[in-house]
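# this is a predicted model, with the sequence first.
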Amino acid sequence: MDVADIPGVPDWFQGYLESEGIDSLYPPQAEAVDRGVTEGANLVAAIPTASGKTLVSTLAMLSSIADDGGGKALYIVPLRALATEKHEEFAAFEEYGLDVGVSTGNYESDGGWLAGKDIIVATSEKVDSLVRNDAPWLEDLSCVVADEVHLVDDSHRGPTLEVTLAKLQSLNPDLQTVALSATIGNADELAAWLDADLVDSTWRPIELQKGVHFGDALHLEDGSQSRVPVRGNEDQPAAIIRDTLEEDGSTLVFVNSRRNAESAARRLGSTTEPFCSPEESDQLAEIAEEIREVSDTETSDDLAAAVEQGAAFHHAGLARDHRSLVEEAFRNRLVKVVCATPTLAAGVNTPSRRVVVRDWRRYDGTAGGMQPLSVLEVHQMMGRAGRPGRDPYGEAVLVAKSHDELDELFERYVWADPEPVESKLAAEPALRTHILATVASGFANSRSGLLDFLESTLYAQQTAERGRLETVVDDVIDYLDVNGFLDREGSEITASNLGHTVSRLYLDPMSAAEILHGLEDAEEPTALGLYHLVSRTPDMYELYLRSGDEEEYTMLAYEREEELLGSTPSEFEEGFEDWLSALKTARLLEDWASEEEEDEITERYGIGPGDIRSKVDTAQWLLGAAESLATERDLGLGPDIREARTRVEHGVRAELVDLAGVRGVGRKRARRLFDAGIETRADLREADKSRVLAALRGREKTAENILENAGHRDPSMESVEPDADVTVDDEADEPATANDQSNLGDF
Ligand code: ADP
């Protein structure tokens, strides 16, 4: 279908598409138009990675906005990293008069400012919280898009997406729902659930050959074999990458952990380096320099060192600026290989000639060992192979170490169909949270009303056994009632004040119960005590205990017993290990709030800089929630909790809290200013400028900004000389890491 023939979209859209080099629709896109996607029809589009799903959603959004001029579209993404990416993509429509917004973080607001936007990009958690906070503009939505809807299968995030879609449809029966999915076994069930038409296609813009490398040969699914010998001290991925480079192609390698991504990139540098021209090496050195400037951590140095050789790693522990530098250098073919955890497969658009899926098993804590990846995940990674317009075809290969493994991988992944997607809503933690929210925001006010609402979920669609759902729902209602979140009168169920607060705060009710329990008998809680309290809620991701940790943290628990809130489980009780791992998280937060160096923390706890940020973000949110709960219960602990929260927010000791709150200051500069005798925001406002300039190591621009933010009458540094009496340490300057890193839980 020619782009001129698309009905229902605004006039400017054809020109826009042509400027993007798109003059006709891909067959699945044309099919979506035939099924009425530009005329308000609900649609599930199950099409392979990189086959143009975004355009399908754009067609729906733009036609729905254009329709009566008053439409509004919401685009739901699974990860924050993708929210930014999609926002940047849709921001191109601003030129044509549309207003595009992105909403992430801060779960407590109703996002009033979003009311004026035409297109809003948000994560499913954010949308869920907007529903709970009664964002009035949700009723004006005319179109909602769910990206990666197959993730309803994810036991952690899936239920939120599932319930949110059901709620949006119930708020607005005329809403157009468009769900984008990878190719899956049961797209028809998703379509039936969403009352949608289905485009189910395996069409790809570029041919994909899957295969397995074993010995010295690449075995492809069409039965062909080609020689890809492993030389000298190469491993199989290195041999495949060299072979690709000999044809001037780049490779994406998927591995199963961040650590493996880093070590693989380090090793593969020796494979890529000989293929970098002198000009490329110069450009790579510049990019490496930019990478080092993002943060002063070991991860940053490791990444820069790999990039200098033409290799890189990519995972959610990286700062956002790191990620975008890597992606851009890979798209520009300067970086020849990227070793990634599957975050990248989830949608960041970085096609490459070949994809190597090196690890097909991953450590799974709940299963207690290595577990095979799903066919769906492996196929999504494989789908990144082949750059339309550049390569004749893409190749995606697994790596076998034995003949048996070669056979197994063909059976398990190359010839296999992706598994069907299954709702995970019936799991208790999910229901606990969503049942409270459903009652609190008025979607149901009785047991039967709740069951009716749940009927509109995929879970109900997929299960014939209504009995099981009823049993779990009854257990959850009891739990919520006993803990004071719900009130029951006859058949009527309402949320208590506490229940409303918890739902608005976006807390798992069990987290709220744990926090309240810990705060009840607390007097003058310490920062460590509070960090430990919030770290042991189900809303905080756990740090794993490594060997030796158990002993270390048991000792710490004894040493600092007085500070720990609530009851301490005995060493022999179930749950003791979780309690200790929360102590490990708490100490990480305490280290951060005691001005320990970022790279020392990452080393001590075996994590990346992005992980510090995500723990800090979560702690900040949970401590804010703890403060609201303490106020609700009149516990009078507000100031203690607030101090612990601000300390962790800025990564400073108590005496710097005031200074670090000035925009542009941050933890290191606050310490230097403090040491130079400028101890508060008020001091800064009145400060002698030459002292400020000296404390900021002569950086005039920085000093001016900071003085301006502090409200200084005359921030100009013109003809100001740094005060020679002020001595400062000579460490690297403040890295710009605040608020620019990944979301918790991004793999
Ligand atoms: P998906 O979301 O399915 O993984 P994308 O929507 O990101 O894939 O599309 C992959 C690439 O294909 C993008 O670079 C996009 O611009 C391009 N593309 C999409 N539709 C067309 C089309 N009809 N013709 C040419 N290129 C297209």
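Nice, thanks for sending it over.
# contacts, neighbours, all on C-alpha from now
OK.
# ok, and the closest non-adjacent residue to N186?
P420 (5.1 Å; Cα to Cα, 6 or more residues apart in numbering).
# so what's the residue count around Y544?
By other Cα atoms under 10 Å, the residues close to Y544 number 17.
# so what's the backbone phi/psi at it?
With angles defined as degrees, to the nearest 10, Y544 sits at phi -70, psi 150.
# ends of stretch 178-187, what's the gap?
Counting by Cα to Cα, to the nearest Å, you get 13 Å between the two ends of stretch 178-187.
# what lines up beside the lowest-mean-pLDDT helix or strand in the chain in the sheet?
In the chain, the helix or strand scored least confidently by mean pLDDT, DSSP states H and E is strand 361-364, which has a mean of 80. Paired neighbours of strand 361-364 in the sheet (DSSP bridges): strand 369-372 (antiparallel).
# what's the partner strand in contact with?
Outside strand 369-372, the residues within contact range by Cα atoms under 8 Å, 6 or more residues apart in numbering are 360-364.
# stretch 157-175 now?
Identification of contacts with stretch 157-175 by Cα under 8 Å, 6+ apart yields 78, 124-125, 127-128, 131, 138-139, 141-144, 149, 151-152, 177, 423-425, 430, 434, 443, 456-458.
# give me the low-pLDDT residue ranges for the stretch 551-700 of the chain?
609 (pLDDT under 70).
# tell me which residue of it lies closest to the ligand.
Relative to the ligand, the nearest point of the stretch 551-700 of the chain is G610 (25.3 Å; Cα to the nearest ligand atom).
# what residues does the chain put near the ligand?
Residues of the chain that fall close to the ligand, judged by Cα under 6 Å from any ligand atom: 22, 24-26, 49-55, 347, 349.
# out of these, give me the two with the largest separation.
Pairwise distances across the residues of the chain next to the ligand peak at 22.7 Å for S24 and G347 (criterion: Cα to Cα).
# these two - which one has more neighbours?
G347 (22 against 17).
# so what pLDDT did that one get?
In this model, G347 is scored at 58, pLDDT.
# swap in G368?
Looking at G368, its pLDDT reads 61.
# cool, P48 as well?
At P48, the model reports a pLDDT of 89.
# start to end distance for stretch 179-192?
End-to-end span of stretch 179-192 (Cα to Cα): 12 Å.
# pull the residues that contact it.
Against stretch 179-192 from outside (Cα under 8 Å, 6+ apart): 43-49, 53, 57, 145-150, 197-198, 200-202, 376, 380, 417-421, 458, 461-462.
# and the helix or strand hosting R267, how far out from the chain middle?
Per DSSP states H and E: R267 is located in helix 258-272. Relative to the centre of its chain, helix 258-272 is centred 23 Å away, using Cα atoms, centre = their mean, to the nearest Å.
# who touches that helix?
238, 241-242, 245, 254-255, 302-303, 305-307, 309-315, 317, 336-341.
# repeat the analysis, applying 7 Å as the threshold.
Here helix 258-272 makes contact (Cα atoms under 7 Å, 6 or more residues apart in numbering) with 238, 242, 255, 306, 309-313, 315, 336, 339-341.
# which of the residues you listed sit farthest apart?
Longest span within the contacts of helix 258-272, Cα to Cα: R242 and H315, 23.0 Å.
# where does the stretch 201-350 of the chain dip in pLDDT?
296, 343-349.
# now the strands: where do they sit in it?
208-214, 217-220, 225-227, 251-254, 311-314, 337-340 (DSSP state E, counting those that start in this stretch).
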